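>>> Sequence and predicted model, in that order:
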Amino acid sequence: MTDVQKENLKLWRHYITGILRPTYIHGFLTSFFSPVDTEQILSLEEKSVIKSAELFLDCLLKLEEQGWYRAFLDELRGADYTGLEQAIENADFTEIAKLEEPKKLLERILPTIVSNIKPCEVINFMPTCLRPRECEEIIQISERKGSTAGAEKLLDCLQRSDKQSFLKEFHLALERCNCNAVTLLLSPDSVEMKTIEENSSNSLSNDVEMHYSEEAESMNTSSAPVSDTEKFQQNLIAVENLQLRDYQIELAEHVLVGDNTIICAPTGCGKTIVALYISEDHLNKAPKGVKRKVVFMATTVPVYEQQYNLFKKHFEQTSYKVCGLCADKVDSSPVQMLVERNDIIVLTPQILLNCLKDERIPSLSLFTLLIFDECHNTTKNHPYNVLMKTYIDLKLGPKTSSLPQIVGLTASLGVGDASSLNDAVNYILQICANLDAESLSTVQKNVVELNKYVFVPKKYTRQTTRRPKDPFADIISQMMAQIEAMARSNYNIDNLSHIQNRSRGTQKYEQWIVEVQKKCKVLQMDDIEEERRICRALFTYTEHLRKYNDALIINDDARTKDAIDYLEDFFNNVKEGGYDETEQKLTALFEDKKQQLLEIDADPSNENPKLTEVKSILKEEYENNLQTKTILFVRTRALADALRKWVLECQELAFLQPEMLLGRSKNTGMTLPLQKEVLISFKGDSGTKILIATSVADEGIDIAQCNLVLLYEYVGNVIKMIQTRGRGRAQNSKCILITSKKEQAEKDMLHFLQEEMMYKAIHEVQRLGQADLVEKINTIQLSDKKMRELLVSIPNTEKPDVSYELLCGRCKTYACNSDDIRVIEECHHTVIDNSFQERYSTQPHKKPKSFNNFQKRQKLHCKDCKHDWGITANYKVFIDLPIIKIESFILKNVKTSDLVPGTKWKNVPFSIKLFDGVEMANK
């Protein structure tokens, strides 16, 4: 440890304490700090992570013991603080500094985010930016305290992220979960286009949506669900000599004769083995002098890693070379050289799209075979479908070059929103058209052989009652009524929303809160100070109403204890904040009722009937068969944790030794080693008898010993139904849905009918014969292409010739006029009015970065309130151009004085002229 290194730690204190959470490097604390210092740091973290990190750094800089600096870096790397570790190791915080702007963006729109997302769904589509521990904490908080608290925790994790791609991945996850209200607030400059704040090599096209699905392959056209992980383990043996079973050969038949084919077969039947066989056969049959290339695409990073390892293992004994392209690694890779020098490329579809866009891969015609894993995703704006639209346009256009063969792999094609067999057939025909598939291959001749490997469990539904009396809900509802009255004493909130019938403890009530808060943002009054006071008060009231609404939902699905803990945590956080007069009154209201709520929790008669039903089922099953192995599916990791604690605390069930089975990738959820440890215990005769699992287990974990599957309010779509049902793989297995909601039971029954309809629709498509199928998909493709051309040909509607004032989004100070905004290189926006500089202040970037024609120079802030407005940058010969972010502003119509919040540049209600160097020089 040198003096320079120690000084660097002091210099970068702001970044380090803003990212590091000391509990995540607990091993370092106990190894190098005294017990007193360790306890003080960990205790302080419960109150303030920043203060805890600052105390940690103070203690760190006092260390004299040899080797602590290297041990510190090793601990950071082991805790997945790779960005921070590299910044300290290389004495370069350039990449860390880049994270400041997106973090400020999240801070500004936090109220909208926490009101509009379901964090437990969102994190399923964030495979690289969250640690397993963070994911578990988000789930736990969401279950105990509601989705708003979980969203706050998710945002807190992102605010402390050291991953460069965190905002991009968050935005894509929100799109995947249809969180439109939030995605509209995220800066297009940070997600859709190349920006000064983001290196162009990481950018996405603004007409391409990136979708990642954490769901495994799903539907099973032979009613034969099999574990994905079991499939992977079997493949490790099978790839050694690639011995195909008869049904696998049947699946490959159409592909081997050159047809574009969708292979639809059960999860676990060895579709990847078939893909290996197809790939090797394709390469072996290359005509002399012809270089063939295969692309295998997987929609998620974990699946990519799994399949890449399989391909690499198999082909390492051959003359064929395999490479993998994934995530940020592709930015620094010579993609074109890698593609040229390898025979098989394994990647995610978005990587291929990006490389085609920036011409690092010149054309799809470079490849001779494209394999789409989980090809049922080839719909709408999924990268698979965007890719295939390019393919089909080339197919239907002038014949200038050959196109690759297409192979799709899936366990289910689904039925979409089909309500009839005809609709289901049309849906499957559309998928075939999207993939240009002239053959649909399923197991038909060798079903008996296939079914030898599968046991289909019996499905039951246990519909429970709710608590006959719910004094907790009664008290919380009364408190909510009081808060609503307080809000009305400031402003008539009923006029801010059209939602009238809003029962407390429902999602509709949450929607009402969201609508009220949105209207508050653009509320206008003659007295500006009074306007600000009222808006702040209404936001405070509605945030408290949101927490109580969450608590009602938690109480309904879990224990009253969890709901109380959620509220207590919220009010503890409130006290740590500004804690103004309104918040003090609302806190006093809770404190006045707190003892009553605790007494309700202590009353045994208040137990949730759903938990009673679970206890009854488990006692019965284990009395009949002590060797029973159970998987209990829940929606969230927080609920998994709560039910694990409940089982452990229940004297009659503690012998089950419950364990949780959570996410399985390196950076999100449970790591593979931890999963293996849990599964080994589950497989043993004296270990865990029940796994409490989230959707990770229906993605294909090897759980062949399971003979009881419990679905705790766990109803998704028909795909998820088949997946979860298939987890019961032992003979005489049972699958039981436990729900207190009639609509859930009805939905589950509907899925059975949809499954049957899907099988019939697949059969109908296969009965068409190849010639008729080709004719139909060609008709669909031509129609789709005409529609795309029509949309492109429609001229952009001219925006009205109306000027807008841009007001600071925080203090509503005038910033500039829309007439003075110019767009540079299609996506950067500057202000040419010289007086604009009088209204902002700047501070230098610690590590300015140059790329293309730009060099980041300074941060740009409102001079009055220091609100983040953007940056300044050098562009060609122009120095310190202000580059503004539209979401930092409110737009005021000059004629009508109407206010609208800034969301995306493409949505602004005014036209923007192109940047003109001559015009700027004359300024």
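On my side now, so go ahead.
>>> most centrally placed residue in the protein?
residue 125 (2.6 Å; CA atoms, centre = their mean).
>>> And the strands in the stretch 751-900 of the chain?
Taking DSSP state E, counting those that start in this stretch to define them, one finds strands in the stretch 751-900 of the chain at 804-808, 814-817, 821-824, 828-831, 840-844, 850-851, 854-862, 868-875, 878-884, 889-893, 899-901.
>>> just so I know, which of the ones you listed lies nearest residue 258?
strand 850-851 (44.3 Å; CB to CB). The C-beta positions use only the backbone N, C-alpha and C, and glycine is treated the same way.
>>> what's the neighbour count on the nearest residue to residue 297 once chain neighbours are set aside?
With CB to CB, 6 or more residues apart in numbering as the criterion, residue 297 has its nearest non-adjacent residue at 4.8 Å, and that residue is residue 349. Residue 349 is flanked by 26 other residues according to other CB atoms under 10 Å.
>>> Residue 349 against residue 299, yeah?
Yes - at 6.8 Å, residue 349 counts as touching residue 299 under the criterion of CB atoms under 8 Å.
>>> Tell me the residues that contact both of these two, please.
By the contact definition CB atoms under 8 Å, 6 or more residues apart in numbering, residue 349 and residue 299 are jointly contacted by residue 384.
>>> In terms of mean pLDDT, which of the strands of the stretch 751-900 of the chain ranks lowest?
Among the strands of the stretch 751-900 of the chain, strand 850-851 carries the lowest mean pLDDT, a mean of 58.
>>> starting at the chain centroid, how far to the longest helix along the chain?
Secondary structure of the chain per DSSP state H: the longest helix is helix 528-557. Distance, stretch centre to chain centre, for helix 528-557: 26 Å (CA atoms, centre = their mean, to the nearest Å).
>>> start the count at 559, not 1, going forward
Sure, I'll start numbering at 559, so the last one becomes helix 1086-1115.
>>> Counting by contacts, list what that helix packs against.
Counting contacts by 3 or more CB pairs under 8 Å, 6 or more residues apart in numbering; DSSP states H and E, helix 1086-1115 is packed against helix 668-674, helix 690-703, helix 705-717, helix 1029-1048, helix 1065-1079, helix 1118-1134, helix 1139-1160.
>>> what comes up buried for that helix?
Neighbour counts over helix 1086-1115 (16 or more other CB atoms under 10 Å) mark 1089, 1092-1093, 1095-1115 as buried.
>>> how about low-confidence regions in the stretch 559-708 of the chain?
Along the stretch 559-708 of the chain, segments meeting pLDDT under 70 span 559.
>>> which stretches of it form helices?
With DSSP state H, counting those that start in this stretch, the ranges of helices along the stretch 559-708 of the chain come out as 561-569, 571-577, 584-590, 593-603, 607-619, 626-636, 640-648, 652-655, 658-666, 668-674, 677-680, 690-703, 705-717.
>>> who does the third one touch, helix- and strand-wise?
Packed against helix 584-590, as judged by 3+ CB pairs under 8 Å, 6+ apart, are the following elements: helix 593-603, helix 626-636.
>>> Pull the distance from it to the chain's centre.
32 Å.
>>> So which bits of it are buried?
Buried residues in helix 584-590 (16+ other CB under 10 Å): 586-587, 590.
>>> what are the phi and psi values for residue 1022?
phi -100, psi 170 (degrees, to the nearest 10).
>>> cool, the one 4 residues further on as well?
Its backbone dihedrals place residue 1026 at phi -60, psi -40, with angles given as degrees, to the nearest 10.
>>> mind checking how far it is from residue 1164?
10 Å (CB to CB, to the nearest Å).
>>> okay, those two: which has more neighbours?
Ranked by neighbour count (other CB under 10 Å), residue 1026 and residue 1164 place residue 1164 first, with 18 against 7.
>>> Quick check: residue 1092 touching residue 1085?
No - applying CB under 8 Å as the test, residue 1092 and residue 1085 come out as separate, 9.4 Å apart.
>>> Can you tell me which of the helices and strands packed on helix 584-590 is most buried?
Highest mean neighbour count among the helices and strands packed on helix 584-590 (mean count of other CB atoms under 10 Å): helix 626-636, with a mean of 17.
>>> How far does that helix sit from its chain's centre?
Its chain's C-alpha centre and that of helix 626-636 lie 29 Å apart, by CA atoms, centre = their mean.
>>> what helices or strands is it leaning on?
Using 3+ CB pairs under 8 Å, 6+ apart, helix 626-636 sits against helix 584-590, helix 640-648.
>>> mind redoing it with 6 Å?
helix 640-648 (3 or more CB pairs under 6 Å, 6 or more residues apart in numbering; DSSP states H and E).
>>> Tell me the buried residues in the helix it packs on?
Applying 16+ other CB under 10 Å to helix 640-648 flags 641-646 as buried.
>>> what is the rounded mean pLDDT of stretch 1088-1107?
Stretch 1088-1107 shows a mean pLDDT of 86.
>>> which residues are contacting it?
706, 1034, 1038, 1041, 1045, 1048-1049, 1067-1068, 1071, 1074-1075, 1078, 1081, 1083, 1128, 1140, 1144 (CB atoms under 6 Å, 6 or more residues apart in numbering).
>>> swap in stretch 668-677?
So stretch 668-677 is in contact with 696, 700, 705-706, 708-710, 712-713, 737, 739-740, 743, 1072, going by CB under 6 Å, 6+ apart.
>>> Any chance of TSV for those, columns neighbour count and distance to residue 1240?
Shown next, in TSV, are the contacts of stretch 668-677 (neighbours: other CB atoms under 10 Å; distance: CB to CB, whole Å):
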residue	neighbour count	distance to residue 1240
696	29	24
700	30	25
705	29	30
706	27	34
708	30	27
709	24	32
710	22	33
712	29	29
713	21	34
737	20	35
739	17	41
740	21	38
743	19	43
1072	19	41
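>>> Looking at those residues, spot the one nearest residue 632.
When the contacts of stretch 668-677 are ranked by distance to residue 632 (CB to CB), residue 696 comes first, at 26.6 Å.
>>> Quick check: buried residues in stretch 1367-1383?
Per 16+ other CB under 10 Å, stretch 1367-1383 contains these buried residues: 1367-1368, 1370, 1373-1376, 1378-1380, 1382-1383.
>>> Could I get the helices and strands packed on helix 1086-1115 in a markdown table, plus columns for distance to residue 1447?
Compiled in a markdown table, the helices and strands packed on helix 1086-1115 are given as follows (distance: least, CB to CB, whole Å):
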| stretch | distance to residue 1447 |
| --- | --- |
| helix 668-674 | 15 |
| helix 690-703 | 31 |
| helix 705-717 | 22 |
| helix 1029-1048 | 26 |
| helix 1065-1079 | 12 |
| helix 1118-1134 | 29 |
| helix 1139-1160 | 27 |
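>>> what mean pLDDT does stretch 978-989 have?
For stretch 978-989, mean pLDDT rounds to 95.
>>> Same question for it: list its buried residues.
Neighbour-count burial for stretch 978-989, counted by 16+ other CB under 10 Å, picks out 982-989.
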